[in-house]
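>>> Here is a sequence together with a model predicted from it:
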Amino acid sequence: MKITSSVKGTRDYYPAEMGLRNWLYGKIRSVSRKFGYQEFDGPFLENLELYAAKSGEELVKKQAFVFPDKSGDPITLRPELTPSLARMVAQRIHQLSFPVRWWSFGPFWRYETPQKGRTREFFQWNIDLLGMENPQADAELAAVACEFFRDVALTAREVKLQVNNRRLMDSALEAIGIRGEAVGGTFRLIDKKEKMKQPEWEAHARETGLTVDQVKGLMKILNDLELWKQSRELVEFFDAVQAFGVSEYVEYNPAVIRGLDYYTGTVFEGRDADGEFRALLGGGRYDNLVADVGGGKIPGVGFAMGDVVIGLILKKNGKEPMLRIAPADVLVTTFSAQEATASMEISQSLRAAGIAAEWYPAPDRLPKQLKYADALGIRLAVILGPDEIRQGKATLKDLIRREQATIERADLLKEISKRLVGSPCE
Ligand code: HAM
């Protein structure tokens with residue numbers, strides 16, 4: 001019979017992949033806490049209308065997984081967290097102490113074409129600060145992202161945080177006669193620039209209604225690396241980035257605009273230095289979203305990083321962690337049905353002392369049991385034969401150093417602990 005295939009764009013997490021996911025979660029937790037952020041989560045199912053508030057057409061109409069519930073209401077698997085966060089803040093606006101600093105790590109779903117770096121089910125780290133409107137708050141989020149890069153050993157030569165500001169772009173576009181309704185369309189056009197070839201993009205720009213001169217003017221804006229100096233917000237932002245000690249990672253890029261509609265000010269994206277992959281993370285300032293979901297005027301800034309591109313970048317740069325994903329530190333073998341009870345008791349006494357111990361649940365041949373321990377990366381094996389049991393002894397085999405010794409049962413715990421120093425299982 002054929003094995004039923006998994007849903008397109010989803011991934012199976014075998015223990016090795018699960019180890020990597022948990023490692024990433026651990027790094028994210030530690031960086032988030034270092035900056036004083038609290039963990040939270042929203043529901044995985046939301047009403048579609050939540051995203052209609054401001055996420056943008058592409059996300060709502062093309063990418064959201066939407067289905068009717070039994071009463072016919074459109075429910076969506078969350079494609080992003082920011083609208084849920086805005087709603088949660090709006091609901092408790094009078095109880096919360098601002099600034100609110102919250103982070104989260106969980107699954108999201110988008111109906112995208114699966115490709116390098118993009119899947120239909122993925123994990124995101126979201127981290128946001130609400131209640132402050134200044135560029136220094138934006139810089140704190142940039143610092144969080146860069147601190148994470150440092151923590152996973154990615155250097156400023158390998159990854160960059162590229163920053164722009166939508167208000168700055170508004171005035172730059174105004175100067176070439178793009179204003180009002182046309183601005184949103186032009187932002188979407190800028191967002192597509194890196195995903196299209198230049199002639200194709202220019203043709204698309206003309207189709208959206210820009211004149212030949214405006215396309216030229218736009219190209220000039222997108223190549224002007226000094227443009228940020230005209231934005232007070234960005235000047236203050238870059239000063240604060242310096243104070244946070246992460247300048248080496250952060251640079252100005254006038255072509256960064258972001259695809260989501262709710263951003264109002266500074267926007268940024270994390271990218272690998274060679275530009276090989278799609279964005280590693282993305283975020284920015286959104287000053288109206290809490291109001292747009294029905295709350296008061298609470299400004300916010302934050303970003304999200306997916307688990308897929310970071311995995312590819314770590315791999316490319318040889319920075320993937322070496323994880324020992326052994327299920328236990330010790331395997332207690334079973335010599336025969338008669339000795340099974342003694343083996344079970346020993347395994348339990350090891351657990352009572354805080355050691356992860358697995359008991360082999362059948363009297364198979366010893367080589368088979370040891371091969372099993374080896375295959376799973378279990379470091380030590382306790383062998384209990386009838387002689388050892390009678391003499392109050394046990395044989396401890398170190399499967400990594402390939403050595404063994406028969407010792408007093410009373411010394412077993414001490415000997416195991418000695419050998420495990422510095423390398424307990426994950
Ligand atoms: P976003 O740019 O849509 O922003 O997504 C952020 C990150 O999530 C991307 O840079 C990427 O790492 C990851 N991601 C998105 N879609 C996929 C996919 N199909 N497969 C794999 N990874 C993906 C947001 O979601 C905003 N809500 C971020 C934010 C938080 N802004 C303010 N606060």
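Nice, thanks for sending it over. The model shown is predicted, which means the values in this text are computed figures rather than measured ones.

>>> what does this protein have sitting close to the ligand?
Taking CB under 6 Å from any ligand atom as the contact definition, the chain meets the ligand at 80-82, 110, 112, 118-119, 122, 124, 126, 128, 260, 279-283, 302-306, 308-309. Quick note: C-beta positions are derived from backbone N, CA and C, even for glycine.

>>> Return a ChimeraX selection command for the buried portion of these.
Command for ChimeraX, covering only those of the residues of the chain next to the ligand found buried under the criterion 16 or more other CB atoms under 10 Å:
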select :80,81,82,110,118,119,122,124,126,128,260,279,280,281,282,283,302,303,304,305,306,308,309
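
>>> Now the residue of the chain found nearest the ligand. Its backbone dihedrals?
Residue nearest to the ligand within the chain: G306 (2.6 Å; CB to the nearest ligand atom). Main-chain torsions, G306, degrees, to the nearest 10: phi -80, psi 170.

>>> List the beta-bridge partners for it.
Assessed by DSSP bridges, G306 has beta-bridge partners Q124.

>>> Run a quick neighbour tally on E200.
Neighbour count of E200, defined by other CB atoms under 10 Å: 11.

>>> mind checking pLDDT for it?
Listed pLDDT for E200 reads 93.

>>> Can you give me the distance of it to R206?
Going from E200 to R206 by CB to CB, to the nearest Å gives 11 Å.

>>> Can you point out the buried residues in the lengthiest helix in the chain?
Counting by DSSP state H, the longest helix found in the chain is helix 15-34. By neighbour count on 16+ other CB under 10 Å, the buried set for helix 15-34 is 19-21, 23-24, 27-28, 31-32.

>>> For that helix, output the C-alpha coordinates as CSV.
Output in CSV follows, covering the C-alpha atoms of helix 15-34 (Å, rounded to 0.1, in the frame of the first residue of the first chain):
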residue,chain,number,x,y,z
PRO,A,15,13.8,14.0,16.2
ALA,A,16,16.8,15.6,14.5
GLU,A,17,14.6,18.4,13.0
MET,A,18,12.8,18.7,16.3
GLY,A,19,16.1,19.1,18.0
LEU,A,20,17.0,22.0,15.7
ARG,A,21,13.6,23.6,16.1
ASN,A,22,13.9,23.5,19.9
TRP,A,23,17.5,24.8,19.7
LEU,A,24,16.2,27.8,17.7
TYR,A,25,13.3,28.3,20.2
GLY,A,26,15.9,28.3,23.0
LYS,A,27,18.1,31.0,21.3
ILE,A,28,15.0,33.1,20.6
ARG,A,29,13.8,32.8,24.2
SER,A,30,17.1,33.7,25.6
VAL,A,31,17.6,36.8,23.4
SER,A,32,13.9,37.9,23.9
ARG,A,33,14.3,37.7,27.7
LYS,A,34,17.7,39.5,27.7
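
>>> Can you name the next helix or strand after it?
Per DSSP states H and E, helix 15-34 leads on to strand 38-39 as the next helix or strand towards the C-terminus.

>>> What lies in contact with that following strand?
29, 32, 101-105 (CB atoms under 8 Å, 6 or more residues apart in numbering).

>>> Quick check: the gap between the residue of the chain closest to the ligand and T82.
Taken as CB to CB, the span from G306 to T82 is 14 Å.

>>> before we move on, what about P15?
32 Å.

>>> now R157
In terms of CB to CB, R157 sits 31 Å off from T82.

>>> okay, and the helix or strand of the protein with the least pLDDT?
Each helix and strand of the chain was given a mean pLDDT (mean pLDDT, DSSP states H and E); the minimum falls on helix 57 at a mean of 81.

>>> Can you give the distance of that one from its chain's centre?
Offset of helix 57 from its chain centre (CA atoms, centre = their mean, to the nearest Å): 24 Å.

>>> Repeat that for stretch 366-384.
On CA atoms, centre = their mean, the centre of stretch 366-384 falls 35 Å from the chain's centre.

>>> end-to-end on that stretch?
One end of stretch 366-384 to the other measures 10 Å (CA to CA, to the nearest Å).

>>> Can you spell out the domain ranges of the protein, please?
Following the assignment in automatic domain parsing, the chain carries domains at 15-316, 330-420.

>>> Just the terminal-to-terminal distance for the longest one.
Pointing back at domain 15-316 there. 22 Å.

>>> cool, and the shortest one?
Taking CA to CA, the span from the opening residue of domain 330-420 to its closing residue is 10 Å.

>>> With stretch 100-119 instead?
End-to-end for stretch 100-119, by CA to CA: 31 Å.

>>> Go through it and flag the buried ones.
Residues 100-105, 108-110, 117-119 are the ones in stretch 100-119 that count as buried (16+ other CB under 10 Å).

>>> Which of the residues you listed sits closest to D224?
The closest of those to D224 turns out to be G117 (CB to CB; 28.4 Å).

>>> Help me confirm that that closest one comes into contact with I313.
No: using CB atoms under 8 Å, G117 makes no contact with I313, being 9.2 Å away.

>>> Please enumerate the shared neighbours of those two.
With CB under 8 Å, 6+ apart as the test, G117 and I313 both reach F277.

>>> now the buried residues of stretch 100-119 as JSON lines including secondary structure?
Below are the buried residues of stretch 100-119 laid out as JSON lines (DSSP: H, G, I helix; E, B strand; the rest coil):
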{"residue": "V100", "secondary structure": "strand"}
{"residue": "R101", "secondary structure": "strand"}
{"residue": "W102", "secondary structure": "strand"}
{"residue": "W103", "secondary structure": "strand"}
{"residue": "S104", "secondary structure": "strand"}
{"residue": "F105", "secondary structure": "strand"}
{"residue": "F108", "secondary structure": "strand"}
{"residue": "W109", "secondary structure": "strand"}
{"residue": "R110", "secondary structure": "coil"}
{"residue": "G117", "secondary structure": "coil"}
{"residue": "R118", "secondary structure": "strand"}
{"residue": "T119", "secondary structure": "coil"}
